[in-house]
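# Just to be clear, the model below is a prediction. Sequence and coordinates:
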Amino acid sequence: MTTRTPLMAGNWKMNLDYKEGLALVESLGEALKGVDESTVEAAVIPPFVDLRTAQTSIATNAFPLALGAQDLSEHVGTGAYTGEISGQMLAALDVTYVLVGHSERREYHREGEAVTNRKVNSAIAAGLTPILCVGEGLDERKAGKQIEYTVAQLEGGLEGLSAEDARRVVIAYEPVWAIGTGEVATPEDAQEVCGAIRETLAALYDQGVAQAVRVLYGGSVKSSNVAEIMAQPDVDGALVGGASLKAEEFAKIVRFADAA
Ligand code: PGA
C-alpha cells in the first residue's frame, strides 16, 4: 500500500460529447460526495470539447474531481499552430493533469520520445501536471524486455528535466497488451515495472524524487481488480479507460480502499 495520495484518473478517450460528458460528471460527482480528497484523488480526462462544461459543473457543485486533458501542443502559449491546444489554454480551464505519450498517441500519431519530452516540458511550463505514459508491447513482454523498454521511454520522456520539475510528474505504467483488451497485468507484473520506474527515478535524480512521484498502473483496471493492484507498494493509483465511462464503476474504483 502506498504512502502517497492515490490518484484514480479516468481517460475517456474519444468518447462522450459534451452533453454526455456533463451527465457523467454529474453522476460521478454525486457518487463521490463525501470522499476524503486527502486519502484519494479522482480525476476525469474528457475530450477537449467537454472540458468547459465539465469544469463549470465541477466548480458549481464543488465535486471532489480534478480535471485532465488527453493531450496538449508541444508549442507554448499562442501561435500559428492550426488545430493545436496549448497548455496555457488548458490551465485557463482549471485543468490540472494532461496525458503525455499515451500508447495511442505513440502508435496512431507517431509520437516518439522527442515530441513526448517536449510535451512534458510544455505541460510543466503551463503549470500542469503531466501524466507521462510508458509501457511495453506484447513483443517486448514476450522477450522479457518490459523493464528495459519501459525505462528507456521514461528516460526519454524526462530528459533534461530538473529534479524540481520531475517531482511534479505523474508516471503511468501501461503495458500496451493490457489496454482495452481485458487482459490485466497481474499485480506482480504491475509491481515489477512500477518498482523499476521508481528505482530509475532514484538513479536519475534522488530518493526524494523517487518517493514523491506517483506511479500509476493502467490497462483494463476495473472495480473487481483494482484493490489487488493497489496493494502493491509501488502502485499509487490507476489510469482507467473503459471502466471510467460508467459513473458507478469508476466511483467504486475511486473508493477501492472501502472494499479492501
Ligand atoms: P483501459 O485503458 O482501461 O480501457 O484498458 C487504459 C488506458 O488506455 O489509459
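Okay, I see it. Residues are numbered from 1 along each chain as shown.
# Give me the contacts around the longest helix along the chain.
In the chain, assigned by DSSP state H, the helix with the most residues is helix 187-204. For helix 187-204, contacts defined as Cβ atoms under 8 Å, 6 or more residues apart in numbering pick out 134-136, 146-147, 150-151, 154-155, 158, 166, 171, 173, 175, 209-211, 213, 215, 217, 228-229, 231-235. In this view, the C-beta of every residue, glycine as well, is placed from N, C-alpha and C.
# taking these one by one, which sit in strands?
134, 171, 173, 215, 217 (DSSP state E).
# for these, which one is nearest the ligand?
residue 217 (9.7 Å; Cβ to the nearest ligand atom).
# Could you tell me which residues of the stretch 51-200 of the chain lie near the ligand?
Contact residues, the stretch 51-200 of the chain versus the ligand (Cβ under 6 Å from any ligand atom): 174, 179-180.
# Just put the residues you listed in a markdown table and tack on neighbour count and pLDDT.
A markdown table is the format used below for these (neighbours: other Cβ atoms under 10 Å; pLDDT from 0 to 100):
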| residue | neighbour count | pLDDT |
| --- | --- | --- |
| 174 | 29 | 97 |
| 179 | 20 | 88 |
| 180 | 13 | 85 |
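# any chance you could map the strands in the stretch 1-150 of the chain?
Ranges of strands within the stretch 1-150 of the chain are 7-11, 41-45, 66-69, 97-100, 129-134, based on DSSP state E, counting those that start in this stretch.
# Next, the angle from the last one to helix 187-204.
Put plainly, it is strand 129-134. Going by axes from the mean of the first three to the mean of the last three Cα atoms, to 10 degrees, strand 129-134 is angled at 120 degrees with respect to helix 187-204.
# which other residues reach strand 129-134?
Under Cβ under 8 Å, 6+ apart, the answer for strand 129-134 is 9, 68, 96-103, 116, 119-120, 123-124, 150, 153-154, 157-158, 168-174, 197, 216, 218, 239.
# likewise stretch 153-170?
Contact with stretch 153-170 is made by 7, 97, 100-101, 112-114, 116-117, 120-121, 124, 129-132, 134-135, 171, 197, 200-201, 204-206, 208-209, 212-216, 237, as judged by Cβ under 8 Å, 6+ apart.
# Would you mind checking those for buried ones?
7, 97, 100-101, 113, 116-117, 120-121, 124, 129-132, 134-135, 171, 197, 200-201, 204-205, 209, 212-216, 237 (16 or more other Cβ atoms under 10 Å).
# Mind giving me the ChimeraX command for buried ones among the contacts of helix 187-204?
The ChimeraX selection below is limited to those of the contacts of helix 187-204 classed as buried (16+ other Cβ under 10 Å):
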select :134,135,136,146,147,150,151,154,158,166,171,173,175,209,210,213,215,217,228,229,232,234,235
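# give me the residue from the stretch 101-250 of the chain nearest the ligand.
For the stretch 101-250 of the chain, Cβ to the nearest ligand atom, closest residue to the ligand: residue 241, 2.3 Å.
# got any ranges where the stretch 101-250 of the chain has weak pLDDT?
Residues of the stretch 101-250 of the chain meeting the criterion pLDDT under 70: none.
# again, only using 90
For the stretch 101-250 of the chain, residues meeting the criterion pLDDT under 90 lie at 179-185.
# State the distance from the closest residue to residue 81 other than its chain neighbours to residue 213.
Leaving aside its sequence neighbours, residue 81 sits nearest to residue 75 (Cβ to Cβ, 6 or more residues apart in numbering; 5.0 Å). From residue 75 across to residue 213, the span is 26 Å (Cβ to Cβ, to the nearest Å).
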